[in-house]
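A.B. asks: The amino acid sequence is not available; the structure is as follows:
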């Protein structure tokens, strides 16, 4: 890790041209725009939302979309657009917090068992089998049921289940990379295992994991709002897409916009992450 | 005679094959690929020892054992007075500094995400070969040594040709100032013209830096060109070892004779009948008893089917592992 500081400038040429290449792909560009906007909404929703998301107005309940309220209003007269925009904060937070810990744990464990193999790898294989046999959502709901509802517990639940997918991917990729002589050369050079794993193998093995991470963030939003919808994630009056859809459910025939608009937000963000993942696959590949 | 820097004694390596459930039920014994079956070899200081043999004969496995990429199942390797697989020696990284290896595939032996400079400076830093401020100078020196332009330092492996990459690999090995270099099929992935450049560079560096080289290759003419001594390996055993010129001009073991006569001659008048080997190389899963070569040998007799011949000196030649070496070479 000490060597990186010495030589940052030369990274530019090769990588910059690939960035241009990725930006020329319309999919990546659209994805980047969507996620860029989402991040802006998440960081400063107050600037984009026309009203206070929690302002209750009993004189304007369940109004259809209009110029005044583009997404209509809900059963308490709150502005639906403002609530959808404010929900970006918690939903984008889900995308990150429900995945980064799983990513970190998964990459580390996967790299270690892939490098050392042996008994640890066998035990790891059985653990993976055990966790993967269960449907993801069912297992997460079970963990939340034990810990109790709420966002923090939801992150814990998703991490407990989600890390195996990263670890499995990382392990396979590290094993594939070990077949390359540069790994053997590291051993012959007398480098420490830590250096070989984290400085040589990991950067070469991480690309599929990063790409998967993007799709996983989309899935995390979907999962988070599913749990919100079921009442196991974010709790009302918190503006969160799953919660918003659940609130609108009772009025689905008369005030369809209440559920539709947050639904569209989920689809759009999910699409954005997937498109970025696609572009990153090209961007991160070594060699031109 | 010069003294050996490395002594290999009766080195054995068997890779076990995982047994299936059915094997357990039927009580079949576990099987193993016998890659090395008792290799004994001295590597002398300053020499180039060529190692030749067919694919799968164990020559690369031998090379990988020497740099501790494989742990042998039997035998010993002595270097500088210690067994290199000794618990204390294993922990000591200086062995890795003193014995270096270069690999066959120039496209996988360099980390694709590191520049030449990063590759070389890592080697220099880990083994503390130079104080921090001298590292850039040393890198320039190393590039000069392997005749790469100075701007190579900032480039990534994919920007180089195969021959240039092998030079970087040589520079990496030399960065830690080793005494012994193991070249495992160093140039076999390169074009013939580039092969000559890389090999000549290696020989020149050997002179300059007083290196001992173990040159593993299947290209016989190349081995003849670079080596002082040559060992011929067959099914994980050395069947003949001797001075390069003597061995190539008059091989003593029937296998060496067949191997060398398979190489095309440069003399257009030489229409001499090549000795053709019958049958296939036996599987290292199931090595024939007695002399491993007897199933393909023209001179095989009953003794060959029963006793394993030991490597023994032959008058006026190198060492040969053949019961009937004298008779065969007299009649020839």
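C.D. replies: Great, that's in hand. Bear in mind the structure is a predicted one, so any value in this text is a computation, not a measurement. Numbers count the residues shown, from 1 in each chain, chains lettered A, B, ... in the order given.

A.B. asks: Next up, phi/psi of the residue of the stretch 1-150 of chain B found nearest chain A, please.
C.D. replies: Taking C-beta to the nearest C-beta, chain A has its nearest neighbour within the stretch 1-150 of chain B at residue B:96, 2.9 Å off. (Glycine included, C-beta is placed from N, CA and C.) When read as degrees, to the nearest 10, the backbone of residue B:96 gives phi -60, psi -30.

A.B. asks: Nearest residue to it in space, please, no chain neighbours.
C.D. replies: Nearest non-adjacent residue to residue B:96, counting by C-beta to C-beta, 6 or more residues apart in numbering or on different chains: residue A:190, 2.9 Å away.

A.B. asks: Quick one: residues contacting that neighbour.
C.D. replies: By C-beta atoms under 8 Å, 6 or more residues apart in numbering or on different chains, residue A:190 lies in contact with B:93-97, B:126-127.

A.B. asks: Contact residues of the stretch 101-250 of chain A facing chain B?
C.D. replies: Proximity of the stretch 101-250 of chain A to chain B (C-beta under 8 Å from any C-beta of the partner chain) is limited to residues A:179-182, A:184-185, A:187-191, A:195, A:199-200, A:203-204.

A.B. asks: chain center to the helix ranked longest in chain A: distance?
C.D. replies: If you go by DSSP state H, chain A has its longest helix at helix A:80-116. Centroid separation for helix A:80-116 versus its chain: 5 Å, with C-alpha atoms, centre = their mean, to the nearest Å.

A.B. asks: what helices or strands is that helix leaning on?
C.D. replies: Judged by 3 or more C-beta pairs under 8 Å, 6 or more residues apart in numbering or on different chains; DSSP states H and E, helix A:80-116 is in contact with helix A:26-43, helix A:45-48, helix A:118-133, helix A:151-178, helix A:202-205, helix A:207-230, helix A:241-249, helix A:257-284.

A.B. asks: Would you mark the buried spots in that helix?
C.D. replies: Buried residues in helix A:80-116, counted by 16 or more other C-beta atoms under 10 Å in any protein chain shown: A:80-95, A:97-99, A:101-103, A:105-115.

A.B. asks: mean confidence score for that helix?
C.D. replies: Mean pLDDT, helix A:80-116: 95.

A.B. asks: Are stretch B:183-197 and chain A in contact anywhere?
C.D. replies: No. Using C-beta under 8 Å from any C-beta, stretch B:183-197 stays clear of chain A, coming no nearer than 9.2 Å.

A.B. asks: Check the secondary structure at residue 252 for me.
C.D. replies: Because you didn't say which chain, this covers chain A. Assigned state for residue A:252: coil (three-state reduction, DSSP: H, G, I helix; E, B strand; the rest coil).

A.B. asks: wrong chain, I was asking about chain B
C.D. replies: Applying three-state DSSP: residue B:252 is coil.

A.B. asks: residues touching it, list them.
C.D. replies: Residue B:252 neighbours (C-beta under 8 Å, 6+ apart): B:240, B:242, B:314, B:317-318, B:320, B:322, B:325, B:328-329.

A.B. asks: Tabulate those (CSV), appending distance to chain A.
C.D. replies: Shown next, in CSV, are the contacts of residue B:252 (distance: C-beta to the nearest C-beta, whole Å):
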residue, distance to chain A
B:240, 29
B:242, 29
B:314, 36
B:317, 35
B:318, 30
B:320, 32
B:322, 35
B:325, 37
B:328, 40
B:329, 40
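
A.B. asks: Residue B:45 is nearest to which of the helices and strands packed on helix A:80-116?
C.D. replies: Minimum separation from residue B:45 across the helices and strands packed on helix A:80-116 (C-beta to C-beta) falls at helix A:151-178, 33.8 Å.

A.B. asks: Quick one: mean pLDDT for stretch B:16-27?
C.D. replies: Rounded mean pLDDT across stretch B:16-27 is 80.

A.B. asks: And that stretch, what's buried?
C.D. replies: Within stretch B:16-27, no residue is scored as buried using 16+ other C-beta under 10 Å.

A.B. asks: Kindly report the same for stretch A:61-72.
C.D. replies: A:62-63, A:69, A:71-72.
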